[in-house]
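J.: just a sequence and a predicted model for now, questions to come.
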Amino acid sequence: MKNPFSLCLLIAASAVSCSRTQGPPPPPPPEVATVTITQQQVVLKTELPGRTSPFLIAEIRPQVNGLILRRLFTEGADVKEGQELYQIDPAPFQAALDNAKAALGRAEANLPAIQSRVNRYKEALADKAVSPQDFDDANAALKQAQADIQYFKAMVETARINLNYAHVVSPISGRIGTSTVTDGAIVTAYQPIALATIQQLNPIYVDVPQSATELLRLQQRVKAGQISRSGDKFSDVRLILPDGTKYSHEGELQFRDISVDPTTGSVILRMVFPNTNGVLLPGMFVRAVVTEGVNDQAILIPQQSVSRDPKGNPFAFVVGPDGKVEQRGLVLDRAIGDKWVVASGLKSGEHVVAEGLQKVMMLRPGDSVKEVPFLETNAAQPTAGQPQAAGQKTVSTPSSEAVKAH
């Protein structure tokens, strides 16, 4: 019979050997927060830089030569259509008008006598009391007198027009700038330097260049049915001022230019905005928010879930039904708030890793993860047809289990 003490030592040694063979239990799979891909309706908008330009602009130039007697406006003030701006010395034009009227009167005074002579010669010609040549000469003199009357009438009208041109008036209503001449200056007709410039600022134009490539891509997506442009709201435009504030009035897209600028490869979009308060000034740089269309099946994911490889190509991690992670290459469309609109690479129902990317990158092939829902709080999510405002940030809060895992 064996020694009981030896038997106890053998059992203890066997237990120690078994514990060394089994080792510690494997660590639990890391927890990652994921979002489930769902398709939703999103209004696609593009923000483009632009520049304001006056709705109407008129450069004031004299139409006659003369001396400026008076300037009749205040620089920088609003003027009305037909308002007199400059007074050119009218004396020479008044004299020319009087001279033309006198010449017309002289021509009209000779007409009755010549007309009577023609009538008498016509009666005498029937009795052969005058020769046909005498009648032809009298008739030619009559026609010449009538032509002289028409000529001097035209001279009177020309002199009257020049006299009116001595009063330089505004052709449009708007705001006038600085005057390049003062009282006593000599001006010439249609001189290259304008006397002043008038600009109508209400309404006002905003000219925005758009890449021809982007325009073609948009047309192709509309044709393919990826973007819908039904409705009347696609001509409405919003404006962002240089200080970042939103312009209080909504504008309207008037037209797209029909030609591409060969130096920039872009087309011009012209928009019209009301400017009742005079906030917009000509030449001001602004940003226009243009509605491109509605994507009824848009896929949005948090921007933090997108990474980039060394070449700059975007990708995301997708968790499969078996809990294993797959790296998926993406094609991104644009950013809306704190989310990316994914053009391709993801499908509805898939789970994308939004938090815990560092843990995923440390996994070995075949390792699994444990999913917890990615919670978004304190942020307004894009509703149907309403994207998030630019610059709005979403605060993401993982679940309590995810916090413990960290």
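T.: Sure thing, it's come through.

J.: the top strand by length along the chain - what's its average pLDDT?
T.: Criterion DSSP state E: the longest strand present in the chain is strand 39-60. Taken as a whole, strand 39-60 has a mean pLDDT of 89.

J.: packing partners of it?
T.: strand 174-176, strand 196-211, strand 266-273, strand 285-302, strand 331-336 (3 or more Cβ pairs under 8 Å, 6 or more residues apart in numbering; DSSP states H and E). Yep, even glycine has a C-beta here, placed from its N, CA and C like the rest.

J.: could I get the full set of helices for this structure?
T.: 4-22, 91-126, 132-165, 212-223, 357-361, 400-405 (DSSP state H).

J.: on that earlier part again, closest to N99 out of the helices and strands packed on strand 39-60?
T.: The stretch from these with the least distance to N99 (Cβ to Cβ) is strand 196-211; that distance is 32.0 Å.

J.: just the CA trace of that closest one, in CSV.
T.: The C-alpha trace of strand 196-211 is given here as CSV (Å, rounded to 0.1, in the frame of the first residue of the first chain):
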residue,chain,number,x,y,z
ALA,A,196,-19.8,110.6,-62.8
THR,A,197,-21.2,107.0,-62.5
ILE,A,198,-24.7,106.1,-61.3
GLN,A,199,-25.4,102.6,-60.0
GLN,A,200,-28.8,101.0,-59.1
LEU,A,201,-28.2,98.8,-56.1
ASN,A,202,-31.8,97.7,-55.3
PRO,A,203,-32.0,95.0,-56.5
ILE,A,204,-28.4,93.9,-56.9
TYR,A,205,-26.7,91.2,-58.9
VAL,A,206,-24.4,88.5,-57.5
ASP,A,207,-22.2,86.8,-60.1
VAL,A,208,-20.9,83.4,-59.0
PRO,A,209,-18.5,81.2,-61.0
GLN,A,210,-19.2,77.5,-61.1
SER,A,211,-16.8,74.9,-62.4
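
J.: ok, that strand: who's next to it in the sheet?
T.: According to DSSP bridges, strand 196-211 forms sheet pairs with strand 39-60 (antiparallel), strand 174-176 (antiparallel), strand 266-273 (antiparallel).

J.: let me have those strands in TSV, extended by distance to V319 and mean neighbour count.
T.: Below are these laid out as TSV (distance: least, Cβ to Cβ, whole Å; neighbours: other Cβ atoms under 10 Å):
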stretch	distance to V319	mean neighbour count
strand 39-60	19	17
strand 174-176	63	21
strand 266-273	42	19
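
J.: any stretches of the stretch 251-400 of the chain with poor pLDDT?
T.: 377-400 (pLDDT under 70).

J.: returning to what we had before: pipe the helices of the chain into TSV and attach mean neighbour count per row.
T.: As requested, the helices of the chain are arranged in TSV below (neighbours: other Cβ atoms under 10 Å):
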stretch	mean neighbour count
helix 4-22	9
helix 91-126	15
helix 132-165	15
helix 212-223	13
helix 357-361	14
helix 400-405	13
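
J.: lowest average confidence across those helices, which one?
T.: Among the helices of the chain, helix 400-405 scores lowest, at a mean of 36.

J.: show me what contacts V208?
T.: Taking Cβ atoms under 8 Å, 6 or more residues apart in numbering, we find V208 in contact with 48-50, 268-271, 288, 290.

J.: mind putting those residues in a markdown table, distance to L72 included?
T.: Below are the contacts of V208 laid out as a markdown table (distance: Cβ to Cβ, whole Å):
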| residue | distance to L72 |
| --- | --- |
| L48 | 42 |
| P49 | 40 |
| G50 | 36 |
| I268 | 37 |
| L269 | 39 |
| R270 | 34 |
| M271 | 35 |
| A288 | 39 |
| V290 | 43 |
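
J.: which two of the residues you listed have the greatest separation?
T.: Taking Cβ to Cβ, no two of the contacts of V208 sit farther apart than P49 and R270, at 14.5 Å.

J.: settle this for me: V35 is touching Q303, isn't it.
T.: No - judged on Cβ atoms under 8 Å, V35 makes no contact with Q303 at a distance of 11.8 Å.

J.: ok, those two, which is more surrounded?
T.: V35 (21 against 16; other Cβ atoms under 10 Å).

J.: and that one, what does it touch?
T.: Applying Cβ under 8 Å, 6+ apart, the residues near V35 are 301-302, 305, 351-352, 354, 374.

J.: is it in a bridge, and if so with what?
T.: With DSSP bridges as the rule, V35 is bridged to V352.

J.: begin at 428 from now on, thanks
T.: Sure thing, new numbering starts at 428, so read that last one as V462.

J.: tell me the pLDDT of it.
T.: 91.

J.: swap in R656?
T.: Looking at R656, the pLDDT reads 61.

J.: could you do the one 4 residues further on as well?
T.: The predicted local distance difference test score for K660 is 56.

J.: returning to that earlier point: dump the helices and strands packed on strand 466-487 into TSV; add distance to L666 as well.
T.: Below are the helices and strands packed on strand 466-487 laid out as TSV (distance: least, Cβ to Cβ, whole Å):
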stretch	distance to L666
strand 601-603	20
strand 623-638	7
strand 693-700	6
strand 712-729	6
strand 758-763	19
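
J.: which residues touch the nearest residue to I631 once chain neighbours are set aside?
T.: Nearest residue to I631, sequence neighbours excluded (Cβ to Cβ, 6 or more residues apart in numbering): N702, at 4.4 Å. Shown in contact with N702 (Cβ under 8 Å, 6+ apart): 628-631, 676.
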